[in-house]
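K.L.:
okay, structure incoming, though there's no sequence with it:
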Ligand SMILES: NC(=O)c1ccc[n+]([C@@H]2O[C@H](COP(=O)([O-])OP(=O)(O)OC[C@H]3O[C@@H](n4cnc5c(N)ncnc54)[C@H](O)[C@@H]3O)[C@@H](O)[C@H]2O)c1
Ligand SMILES: N[C@H](CO)Cc1c[nH]c[nH+]1
Ligand SMILES: [Zn+2]
């Protein structure tokens, strides 16, 4: 990763390349995902099992898509007290944050004889995708909480989750314990596009859901995009992103560590530093080298920094915020003095982390807000996963006879302009009755 002065032609080219990454899909990838979706739609469990065996768990047995209660009982005996303590704290803090998001139904009487309102109702069934990488290598326990807790708070009756199994067909015990903790009704061992397809269409063993939420790699995200419309989806929550704005006053080691925290997620993740301090930029570059050397996921992080990373040196912090607003990053870190006084400059960002002691991973695991966030520039219009993604709102309308009489003429007039006589007649027939 090189250091670039911004604005400059080189920095512009780099930013364009990062923006152009989008989801990173090719036509062939989209076609492949479409084929998988169709295959699962027509062949159900047989197809899901085939893909799971081919990509993740060669030894998966024929009837084992759903994890059993016995497996979860066994998982509870495998996890240690430190995990349970951390899990309990995370659950409590995430639940407390999401309870504040609940919207109640309301009724109003804005005009004499007219009652209007909005009924907020949960969807009947929701599916939570929990990433696990090939063979369940990076089981995102925290994503179980981020999907399950808001669904439960919204009042969804049936909440299931699906995740790629490990090579022997088992699911990581920490995922299972977290699933029981948030009250998942079923855990399905199926990752990638076939996991999404199973929940979207329903199969013999997997219940069909109304809404699918959760993050994932390019295959998961493409599948969610393709099934959306037939089933609700939360957003495009693809490969992770971080943009750090720094005035150079925090230790360079912090900035480097925070960039790597997201780069290690995926070769397609993106990590960018924008700073007003050229000497600091150089120090961060050196720190990245140093910290990368000891990272177990060095190869992934290195590829991410090479392809979608950048260190930009700007003249002013205002320029730094311009760059950030253009990219609309999933995570924006304000690693600077008095970050709150700059909040007004942020227009597009999934989540904003303020100050030296708020590294991005606090939000990934424990702070309370959801870590499922819009990526690929979609923070321009999309928001963090929350209770709202699990409800729908029905409008409520009621007129008394007198109130109807007052507005009937106007309705008939508007219907006439639209050329919709039956609409007008539905009002006229009542007017004529008096
Ligand atoms: N935006 C967010 O809110 C957010 C939150 C957490 C994680 N993430 C992102 O989620 C992703 C997690 O990715 P992951 O890989 O660890 O787990 P994942 O579960 O998303 O992907 C693994 C699945 O993809 C399958 N797969 C691999 N190669 C494939 C291919 N060629 N065709 C079809 N399927 C294939 C694997 O077999 C496995 O089932 C990362 O990109 C991470 O950055 C995003
Ligand atoms: N940073 C991810 C969102 O992009 C969420 C996560 C889960 N576990 C670790 N990180
Ligand atoms: Zn993370």
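P.N.:
Arrived safely. Please read these numbers as outputs of a predicted model, since none were measured by experiment. Residues are numbered from 1 along each chain as shown. Ligands and ions are numbered 1, 2, ... in the order given.
K.L.:
if I look at residue 255, how far off is residue 174?
P.N.:
Residue 255 is 30 Å from residue 174, where distance means Cβ to Cβ, to the nearest Å. Where C-beta positions appear, they are placed from N, C-alpha and C, glycine not excepted.
K.L.:
next one: residue 204
P.N.:
Applying Cβ to Cβ to residue 204 and residue 174 gives a distance of 28 Å.
K.L.:
between these two, who's got more neighbours?
P.N.:
With neighbours defined as other Cβ atoms under 10 Å, residue 204 and residue 174 compare such that residue 174 has more, 19 against 11.
K.L.:
say whether ligand 2 is contacted by the one helix or strand the more buried one maps to.
P.N.:
Counting by DSSP states H and E, the element that carries residue 174 is helix 173-181. No: contact of helix 173-181 with ligand 2 is not found when judged by Cβ under 6 Å from any ligand atom; the minimum separation is 11.9 Å.
K.L.:
who touches that helix?
P.N.:
Helix 173-181 is contacted from outside by 67, 71-72, 74-76, 78-79, 83-84, 87, 91, 130, 132, 139, 141, 144-145, 148, 161, 163, 187, using Cβ atoms under 8 Å, 6 or more residues apart in numbering.
K.L.:
rerun that using 6 Å as the cut-off
P.N.:
72, 75-76, 78-79, 139, 141, 144, 161, 187 (Cβ atoms under 6 Å, 6 or more residues apart in numbering).
K.L.:
closest to ligand 1 among the residues you listed?
P.N.:
Nearest to ligand 1 among these: residue 139, at 8.8 Å, using Cβ to the nearest ligand atom.
K.L.:
what about the helices in the stretch 51-200 of the chain?
P.N.:
69-78, 81-99, 141-154, 173-181, 192-201 (DSSP state H, counting those that start in this stretch).
K.L.:
what is the mean pLDDT for stretch 1-14?
P.N.:
Mean pLDDT, computed over stretch 1-14, is 94.
K.L.:
how long is it end to end?
P.N.:
Start and end residues of stretch 1-14 are separated by 11 Å (Cα to Cα, to the nearest Å).
K.L.:
what residues sit buried inside it?
P.N.:
Buried positions in stretch 1-14, judged by neighbour count with 16 or more other Cβ atoms under 10 Å: 1, 3-4, 6, 11, 14.
K.L.:
please tabulate these in JSON lines, including the columns distance to ligand 1.
P.N.:
Output for those, formatted as JSON lines (distance: Cβ to the nearest ligand atom, whole Å):
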{"residue": "1", "distance to ligand 1": "18"}
{"residue": "3", "distance to ligand 1": "25"}
{"residue": "4", "distance to ligand 1": "24"}
{"residue": "6", "distance to ligand 1": "25"}
{"residue": "11", "distance to ligand 1": "24"}
{"residue": "14", "distance to ligand 1": "20"}
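K.L.:
tell me which parts of the stretch 1-150 of the chain are close to ligand 1?
P.N.:
55-56, 131-134, 138, 140, 143.
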